[in-house]
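# no FASTA, just this:
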């Protein structure tokens, strides 16, 4: 068995590319519907648009690191870098950038928490990790292995109250015990928010993660409205994200759209002397209000004409020079490699003629290899199912 396959579990295998070479596909077979029988004219109207830069620039995803691999592919595509070019980016380059992003967030969030508490929480974090490990939870949990919020909060409380009773407890335990003694902190159900994906350790937001405001040094009192449990869980989630990102099988599950956008910004800052700066932004997705700033706001009330116009805007963006599209679909990020559409007439059972319009985009549902044609109707349904699912545009920043 291939050693790379031995090192990952089944749920990780489905989130990685196959061992096949990147260029082992026939362009006609890839782009044309039913290519073996396709003949012109087969349809009343037919068109296909593809990005050779994206097809040449995408890079393999060897683990659940789709955010990193898709960013690398977009960067290569816009800068016309083949994946074999010595200057091309790969998932490892972007993982390093994502690591820096998480480290900055942890430093900011943990610094705020420690200033308010009045002590370092490192002993608490290490103690909690050991405590959970003794209860059977892995130190670096994979998908589905992490303790749920209720379990985590109960473990945290038990650890703090036990350690606070020691003869000479660490300062963090004594101070945390004081927080638990405040009855106003007992009910935190309103503080905790759950992701639509139902995974406690994954973080997916529609905008860049914003640091909390600067808090002055603690002077013996804690704000009565401090949602400390929520903030501590967020710190633990970010730290777990670092562990998953730097593990044997790197995972970018901790990153939402904000991570992709910030990674592009940082890559541009680091490579500004050699390459044109890029920017990434949300382009298409569910619009909750009529004031949405998305170029393609999608709602369930959209008329057929509106849906047609949305497709036209998507096609126009795809055809722009020095542009790449990244689709955040269900639990995955991948490039958009091609668009195709056709109209055809078919005879109904009653003898009438019906015109069928088909619009599809080529992307990937697993790994990064161009492999899945998804209809615009299905793409809309994906984005309508959760606000985090979006199409992002990466382009040169003039």
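Thanks, I have the structure now. What you see is a predicted model, and the numbers here were worked out from it, not measured in a lab.
# Residue 233 is in contact with residue 152, correct?
Yes: Residue 152 is within contact range of residue 233, at 6.9 Å (criterion: CB atoms under 8 Å). In this view, the C-beta of every residue, glycine as well, is placed from N, C-alpha and C.
# Check which element follows the helix or strand residue 378 falls within along the chain.
In the assignment (DSSP states H and E), residue 378 maps to helix 376-385. Next helix or strand after helix 376-385 toward the C-terminus (DSSP H and E): strand 390-396.
# That following strand - what's its average pLDDT?
Mean per-residue pLDDT for strand 390-396: 98.
# Please identify the pairing partners of that strand and their relative orientation?
strand 278-286 (antiparallel), strand 323-329 (antiparallel) (DSSP bridges).
# did I read that right, residue 272 in a helix?
No: counting by DSSP: H, G, I helix; E, B strand; the rest coil, residue 272 falls outside a helix, being coil.
# Just want the phi and psi numbers for it.
Here is the backbone geometry of residue 272 (degrees, to the nearest 10): phi -60, psi -30.
# Residue 47 belongs to a helix, doesn't it?
No: in this structure, residue 47 is strand, not part of a helix, as judged by three-state DSSP.
# Tell me the secondary structure at residue 239.
Local secondary structure at residue 239 is given as helix here, using three-state DSSP.
# Quick one: neighbours of it, just the number.
Applying other CB atoms under 10 Å, we find 19 residues neighbouring residue 239.
# any idea how far the residue lying closest to it once chain neighbours are set aside is from residue 243?
Spatial nearest neighbour of residue 239, excluding adjacent residues (CB to CB, 6 or more residues apart in numbering): residue 106 at 6.0 Å. To residue 243, residue 106 is 11 Å away according to CB to CB, to the nearest Å.
# Could you do residue 363 as well?
29 Å.
# Name the residue in these two with the higher neighbour count.
More crowded of residue 363 and residue 243, by other CB under 10 Å: residue 363, with 25 against 16.
# In contact with the more buried one, which residues?
Contacts for residue 363 were tallied using CB atoms under 8 Å, 6 or more residues apart in numbering; they are 327, 329, 334, 335, 336, 337, 370, 372, 374.
# And for residue 345?
By CB under 8 Å, 6+ apart, residue 345 lies in contact with 44, 353, 354, 355, 356.
# Could you pull up the residues touching the first one?
Okay, so that is residue 44. Applying CB under 8 Å, 6+ apart to residue 44 gives the contacts 342, 343, 344, 345, 355.
# again, but for the last one
Residues in contact with residue 356 (CB under 8 Å, 6+ apart) are 343, 344, 345, 346.
# And it, its phi and psi?
Torsion angles, degrees, to the nearest 10, at residue 356: phi -110, psi 130.
# Distance of it relative to residue 45?
On the measure of CB to CB, residue 356 and residue 45 end up 11 Å apart.
# try the second one
Residue 353 sits 15 Å away from residue 45, taking CB to CB as the criterion.
# same check, this time on residue 72
36 Å.
# Closest one of the contacts of residue 345 to residue 176?
Closest approach to residue 176 among these (CB to CB): residue 356, at 63.4 Å.
# from the chain's centre, how far out does the helix or strand that contains the residue nearest to residue 239 sit?
Element membership of residue 106, judged by DSSP H and E, is helix 91-117. Helix 91-117 sits 17 Å away from the centroid of its parent chain (CA atoms, centre = their mean, to the nearest Å).
# OK, contacts around the nearest residue to residue 95 once chain neighbours are set aside?
Spatial nearest neighbour of residue 95, chain neighbours left out: residue 68 (4.8 Å); criterion: CB to CB, 6+ apart. Neighbouring residues of residue 68 by CB under 8 Å, 6+ apart: 61, 91, 92, 94, 95, 98, 250, 252, 263.
# Throw together a ChimeraX command that grabs the buried residues out of those residues.
Of those, the buried ones can be selected in ChimeraX as follows, counting by 16 or more other CB atoms under 10 Å:
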select :61,91,94,95,98,250,252,263
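# can you put the contacts of residue 68 in TSV and add pLDDT and distance to residue 85?
What follows is the contacts of residue 68, written out as TSV (pLDDT from 0 to 100; distance: CB to CB, whole Å):
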residue	pLDDT	distance to residue 85
61	96	19
91	97	15
92	97	15
94	98	16
95	98	19
98	98	22
250	95	23
252	97	23
263	98	20
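# So for residue 72 and residue 45, which sits in the more crowded spot?
residue 72 (31 against 11).
# if we can go back for a sec, separation between the residue nearest to residue 239 and residue 113?
When residue 106 is compared with residue 113 (using CB to CB), they lie 10 Å apart.
# overlap in contacts of those two?
Common contacts of residue 106 and residue 113 (CB under 8 Å, 6+ apart): residue 235.
# Nearest spatial neighbour of residue 121, chain-adjacent residues omitted?
Spatially, and ignoring its direct neighbours in sequence, residue 121 is nearest to residue 172 (5.4 Å; CB to CB, 6+ apart).
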